[in-house]
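Engineer: would you be able to build a 3D model of this:
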Amino acid sequence: MIRIGIIGCGKIAQVRHIPEYADNPDAELYAFFSPNRTRAEEQAAKYGGKACDTAEELLADSEIDAVSICAANYAHAELTIKALNAGKHVLCEKPMATNLRDCEAMVDAARRNGKFLMIGHNQRLAKAHSTSKQLIEEGLIGKIISFRTTFGHGGPETWSISPGKDVWFFDKKRATMGVMADLGVHKTDLIQYLTGQRVVRTTARLVTLDKRGANDALIDVDDNAVCIYELSGGAFGTMTASWSYYGAEDNSTILYGTKGIMRIYDDPAHSIVVTLADGTTQYYDVEQIQTNDNQTKSGVIDLWIDCLKNGRAPEISGESALYAMRAVFASIESSETGKTVEIEANK
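Structural biologist: Predicted structure coming up:
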């Protein structure tokens with residue numbers, strides 16, 4: 001049995017981490033900490049375990065094997081490194097951290113302590129994405145020439161545990177970054193996963209177009225981002241992230257190859273649609289994508305527990321997440337400087 005501590009008891013913990021641990025027969029929810037102690041007490045009462053007064057108290061408990069870090073962005077690195085130094089395996093929510101130096105320090109701490117570090121890039125685990133990767137590796141659409149990947153919805157103000165315009169996602173001190181770190185990091189990681197290539201060059205614009213805080217002023221973080229990515233294998237395309245898609249959520253990816261076109265989560269009737277160069281069309285109907293309004297099991301917790309149970313390093317490791325985070329920070333730099341940014345470490 002893997003004993004779990006939860007640090008941060010907000011929406012992502014209550015909707016995904018905690019219930020998915022509770023549903024896994026090899027996991028035991030053992031302790032909870034939240035700066036809002038009432039939330040920790042409520043989760044402990046509901047699922048068993050104890051509420052801790054501090055994160056340090058939780059991490060000092062030798063009975064705990066692993067922790068989920070579900071805190072606001074700014075706290076990810078500090079809490080993760082403390083947990084790893086305390087001898088715990090760590091599953092950290094995305095974005096990994098708010099600067100590249102902290103991301104690298106997290107990976108170093110995991111390596112130094114001989115512990116696993118996994119990042120919650122759940123897009124890789126969506127059935128259509130894993131199926132698409134297999135089809136791509138089998139050569140169905142040939143060599144990928146270009147792509148378009150998008151993640152957009154109406155924003156996090158209805159998703160937060162405290163819905164409204166004063167959500168922490170809009171607070172630059174706690175979030176540091178906006179939609180690029182919330183949704184853009186997902187699709188940046190995904191396009192690298194699907195293609196087997198890394199982002200080596202980015203030309204990006206991150207802007208604030210519509211979102212307003214409680215004071216009715218535009219928020220201090222980006223609510224839209226468009227990046228032109230060049231990949232290590234020669235593929236070229238766009239990644240778009242938005243908090244201002246006021247309608248159906250868009251989590252689509254289109255890959256243009258030498259033998260055909262693959263559309264993933266682009267057709268409401270079919271999860272994957274492949275149109276080959278000879279004009280024939282193939283449909284692959286696997287499960288629909290998880291959305292904010294339609295929560296399904298992410299697969300992250302089951303993968304994490306399986307890795308811990310079998311002593312196997314997670315595929316979505318902190319080290320693998322560095323490639324996406326470098327692209328995110330390079331895109332922010334590109335937007336700020338108005339220049340294309342090379343990512344030498346991803347080459």
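Engineer: how far off centre is stretch 48-59?
Structural biologist: Distance of stretch 48-59 from the chain centroid (Cα atoms, centre = their mean, to the nearest Å) equals 25 Å.
Engineer: that one: end-to-end distance?
Structural biologist: Taking Cα to Cα, to the nearest Å, stretch 48-59 runs 18 Å from one end to the other.
Engineer: let me know the average pLDDT across that stretch.
Structural biologist: Averaging pLDDT along stretch 48-59 gives 98.
Engineer: and what of stretch 312-326?
Structural biologist: On average, stretch 312-326 scores 97.
Engineer: mind listing what's buried along the helix with the most length in the chain?
Structural biologist: Identified as the longest helix of the chain according to DSSP state H is helix 318-337. For helix 318-337, the neighbour count (16 or more other Cβ atoms under 10 Å) marks 318-332, 334-335 as buried. Placement of C-beta: from N, CA and C, glycine included.
Engineer: for it, which helices and strands make contact with it?
Structural biologist: On a contact count with 3 or more Cβ pairs under 8 Å, 6 or more residues apart in numbering; DSSP states H and E, helix 318-337 meets helix 100-113, strand 117-119, helix 185-195, strand 199-207, strand 224-231, strand 341-342.
Engineer: what's in contact with the shortest one?
Structural biologist: Residues from elsewhere that reach strand 341-342 (Cβ atoms under 8 Å, 6 or more residues apart in numbering): 200-204, 330-331, 333-334.
Engineer: partners of that strand in the sheet?
Structural biologist: Partners of strand 341-342 in the sheet, by DSSP bridges, are strand 199-207 (antiparallel).
Engineer: other residues contacting the strand it pairs with?
Structural biologist: If you take Cβ under 8 Å, 6+ apart as the criterion, strand 199-207 is touched by 178, 180, 188, 191-192, 222-232, 323-324, 326-327, 330-332, 334-335, 339-343, 346-347.
Engineer: just the buried residues of those residues.
Structural biologist: Among the contacts of strand 199-207, those classed as buried by 16+ other Cβ under 10 Å are 178, 180, 188, 191-192, 222-232, 323-324, 326-327, 330-332, 334-335, 341, 343, 346.
Engineer: buried sites along the helix or strand where V274 lies?
Structural biologist: Assigned by DSSP states H and E, V274 belongs to strand 270-276. Within strand 270-276, the residues scored as buried using 16+ other Cβ under 10 Å are 270-274, 276.
Engineer: what's the closest of those to G155?
Structural biologist: Nearest to G155 among the buried residues of strand 270-276, counting by Cβ to Cβ, is S271 at 25.1 Å.
Engineer: domain-wise, how is this structure divided?
Structural biologist: 2-122, 124-346 (automatic domain parsing).
Engineer: which stretch in the ones you listed has the least confidence?
Structural biologist: Confidence, taken as mean pLDDT, is least for domain 124-346 of the domains of the chain (a mean of 94).
Engineer: quick one, what contacts L125?
Structural biologist: 298-300, 303.
Engineer: next: E42.
Structural biologist: C9.
Engineer: ok, G139 next?
Structural biologist: K259.
Engineer: separation between the residue nearest the centre of the chain and G5?
Structural biologist: In the chain, the residue lying closest to the centroid (Cα atoms, centre = their mean) is H121, at 3.5 Å. Distance, H121 to G5, using Cβ to Cβ, to the nearest Å: 21 Å.
Engineer: same thing with N24?
Structural biologist: From N24 to G5 the distance is 15 Å (Cβ to Cβ).
Engineer: now P35
Structural biologist: Using Cβ to Cβ, we find P35 at a distance of 15 Å from G5.
Engineer: neighbour count: those two, which is higher?
Structural biologist: Set P35 next to G5 and count neighbours by other Cβ atoms under 10 Å: G5 wins out with 28 against 15.
Engineer: right, and the helix or strand after whatever helix or strand the more buried one lives in?
Structural biologist: Assigned by DSSP H and E, G5 falls within strand 2-7. For strand 2-7, the following helix or strand on the C-terminal side (DSSP H and E) is helix 11-12.
Engineer: that older thread, could I get the contacts of strand 341-342 as CSV with distance to T80?
Structural biologist: Below are these laid out as CSV (distance: Cβ to Cβ, whole Å):
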residue, distance to T80
V200, 27
R201, 29
T202, 25
T203, 31
A204, 26
A330, 22
S331, 23
E333, 24
S334, 27
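Engineer: and of the helices and strands packed on helix 318-337, who's closest to C9?
Structural biologist: strand 117-119 (19.5 Å).
Engineer: what packs against the closest one?
Structural biologist: For strand 117-119, the packing partners by 3+ Cβ pairs under 8 Å, 6+ apart are strand 89-92, helix 100-113, helix 300-310, helix 318-337.
Engineer: tell me which residues of the second one come out buried.
Structural biologist: With burial defined by 16+ other Cβ under 10 Å, the residues of helix 100-113 counted as buried are 100, 102-107, 109-110, 113.
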